[in-house]
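S.K.: the sequence and its predicted three-dimensional model are supplied below.
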Amino acid sequence: MEEIEMENLLLTVEGPLAWVTIHRPAALNALNQATIAELGRVMEACAEDDAVRVILLRGAGGKAFVAGADIRELAEVDAAEGMRLSEAGQRVFRRMEQLGKPVIAVIEGFALGGGCELAMACTLRLAAESAKLGQPEVKLGLVAGFGGTQRLPRLVGRGAALKLLLTGSIVGAQEALRIGLVDEVVSTEQLMDRARALALEIAANAPVAIQQTLDVVDCGLDCSLDDGLRMEADAFGACCATADMHEGTRAFLEKRAAQWTGR
């Protein structure tokens, strides 16, 4: 992967894993426009690097995954600039969902507002017991602007989503797990090791099959069951034509580990 010049993010590649760290600890990793732009660039670089199979996204400092959008920046925007800011964040977050590679949010501390929206745009959410999540935008006279009004109901249902969006309340990790906002909760001490283990478990599987699965689930959520089943059959057929499928079936029959090429 080519070196990417960044001020607010750190990128570390560890075998098939790319660790992306939002590094603004003094601002509790708040998302300003520059950070969102950098996030878009680093995600594209990870998407283009065949050696990267899974991306892990975390915040620096231990106090926050992302505490929200940068309020100092928000306080100065007008309607037109606010719309542009919202659309820019939405584009980057939507692209993360469509990379064809899983992105795991590794949540320690606060994931509020834009931080919660960023976590929801990830494929999976792994939280430490210390995690606090919520969409408190109404307390600032705002609505969630980076996809929160759309992804939260899809994850937790209309009622639970509206309760969080309308009250601006913040929930702990166990409540987030109960309603389906996060997928797993572990102790803070275990968080990074568990995230790595989960990512490696995914990375051990066929890259094309992973990409097809992500694409079909993403598209299928917004279409009828019949249309989704047709997409699934197309994806299944496409996988049957890959070298990885033939390698995977041979490896299974020969009782050995598969050697994936991503083709």
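M.R.: Alright, I've got the coordinates.

S.K.: spatially nearest residue to the residue at minimal distance from the centre of the chain, not counting backbone neighbours?
M.R.: What sits nearest the mean C-alpha location of the chain, by C-alpha atoms, centre = their mean, is Cys122, with 1.4 Å. Spatially, and ignoring its direct neighbours in sequence, Cys122 is nearest to Ala105 (3.9 Å; C-beta to C-beta, 6 or more residues apart in numbering). All C-beta atoms are positioned from the backbone trio N, CA, C, and that covers glycine.

S.K.: please apply the same query to Val92.
M.R.: Leaving aside its chain neighbours, Val92 sits nearest to Gly40 (4.2 Å; criterion: C-beta to C-beta, 6+ apart).

S.K.: which ones are touching that neighbour?
M.R.: By C-beta atoms under 8 Å, 6 or more residues apart in numbering, the contact set of Gly40 is 91-92, 95.

S.K.: C-terminal to the helix or strand hosting it, what's the next element?
M.R.: Using DSSP states H and E, Gly40 falls within helix 33-48. Moving toward the C-terminus from helix 33-48, the next helix or strand (DSSP H and E) is strand 54-59.

S.K.: next, the angle helix 33-48 makes with that next one.
M.R.: On the basis of axes from the mean of the first three to the mean of the last three C-alpha atoms, to 10 degrees, strand 54-59 is oriented at 160 degrees to helix 33-48.

S.K.: distance of Cys230 from Ser224?
M.R.: Quick fix: residue 230 reads Arg, not Cys. According to C-beta to C-beta, to the nearest Å, Arg230 stands 10 Å off from Ser224.

S.K.: higher neighbour count, the two?
M.R.: Neighbour count, other C-beta atoms under 10 Å: between Arg230 and Ser224, Arg230 has more, with 13 against 9.

S.K.: helix or strand for that one, which one?
M.R.: helix 225-240.

S.K.: helices along the stretch 101-250 of the chain, start to end?
M.R.: 114-121, 148-156, 158-167, 173-179, 191-203, 207-220, 225-240, 243-253 (DSSP state H, counting those that start in this stretch).

S.K.: returning to that earlier point: give the bridge partners for the residue nearest to Cys122, please.
M.R.: Per DSSP bridges, the residues bridged to Ala105 are Leu57, Arg125.

S.K.: tally up the residues packed near the closest residue to Met43 other than its chain neighbours, please.
M.R.: In this structure, Met43 finds its nearest non-sequential neighbour in Met96, 5.6 Å apart by C-beta to C-beta, 6+ apart. Met96 has 22 neighbours, counted by other C-beta under 10 Å.

S.K.: who touches Met96 in this structure?
M.R.: Contacts of Met96 by C-beta under 8 Å, 6+ apart are 43, 103, 121-122.

S.K.: hmm, 6 Å instead?
M.R.: 43, 103, 121 (C-beta atoms under 6 Å, 6 or more residues apart in numbering).

S.K.: before we move on, what about Asn32?
M.R.: By C-beta under 6 Å, 6+ apart, the contact set of Asn32 is 70, 73.

S.K.: will you turn the contacts of Met96 into TSV that also has distance to Met6, pLDDT and neighbour count?
M.R.: Listed next are the contacts of Met96 as TSV, based on distance: C-beta to C-beta, whole Å; pLDDT from 0 to 100; neighbours: other C-beta atoms under 10 Å:
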residue	distance to Met6	pLDDT	neighbour count
Met43	12	96	21
Val103	17	98	23
Ala121	19	98	23
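
S.K.: tell me where the model's unsure across the stretch 1-150 of the chain.
M.R.: Across the stretch 1-150 of the chain, residues meeting the criterion (pLDDT under 70) sit at 1-3.
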